[in-house]
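[1] Build me a model:
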Amino acid sequence: MRLFVAAYPAREVVASLQESRRAVATVGVREVPPGQVHLTLQFIGPVDPKHLERVEESVGAACRGVGAFELRPHRLISLPARGPVRVIAAETDAPAQVIELHRRLAQRLARSTRPDPADRFLAHVTLARAQAGASVARVDAPVGSGPFRVDRVVLVRSVLHTDGAEHRAVGEWRLED
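    Model (predicted):
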């Protein structure tokens, strides 16, 4: 199973973010389906199903004591910062709660950890992916969406298909109010 931990914006926020993305001339991209637009808190990768319970316990433990928070989209960006564009995303701020949650998840779940996981964590919501073989222009533009509240974390199984990924929720944890 290919797993990651994510936070999902509300539908109206996704619609607003996608509208901003469509306003930017981005040829050669495939829009992420609205139900799959998310902020990745920690990519876990392939996991043997017999270890799923341990992963769920780790995610639950990482969420304990972390309060709900707001994310504020700042701008549309292209990723990675260097090389061919693979993703168009909405960069968000990174309040203390999201950094702490990412740090805890990385400590518990990452196969190889960095000395300070927050050093390279870029809070962003992926909106579109480059199509195979496409040359996508770089994006750096304002985004027309207000802040959104994150009050739950989802463990997601990603099943890859030729036409994109299919996301299935495996578990969900509420953050403290």
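
[2] any low-confidence regions in the chain?
    Flagging of the chain using pLDDT under 70 yields the residue ranges 25, 111-119.

[3] can you map out the strands along it?
    Ranges of strands in the chain, per DSSP state E, are 2-7, 29-31, 39-46, 69-71, 73-79, 87-92, 124-130, 140-142, 148-150, 152-161, 164-174.

[4] Could I get these in a markdown table, plus columns for mean neighbour count and distance to Val55?
    Glycine gets a C-beta too; all of them are placed from N, C-alpha and C. Listed next are those as a markdown table, based on neighbours: other CB atoms under 10 Å; distance: least, CB to CB, whole Å:
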| stretch | mean neighbour count | distance to Val55 |
| --- | --- | --- |
| strand 2-7 | 21 | 6 |
| strand 29-31 | 17 | 29 |
| strand 39-46 | 18 | 7 |
| strand 69-71 | 20 | 23 |
| strand 73-79 | 20 | 26 |
| strand 87-92 | 24 | 25 |
| strand 124-130 | 22 | 22 |
| strand 140-142 | 13 | 36 |
| strand 148-150 | 20 | 20 |
| strand 152-161 | 17 | 7 |
| strand 164-174 | 14 | 8 |
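
[5] Grab the nearest non-local neighbour of Trp141.
    I think there's a mix-up here, since residue 141 is Ala and not Trp. Nearest residue to Ala141, sequence neighbours excluded (CB to CB, 6 or more residues apart in numbering): Leu76, at 4.5 Å.
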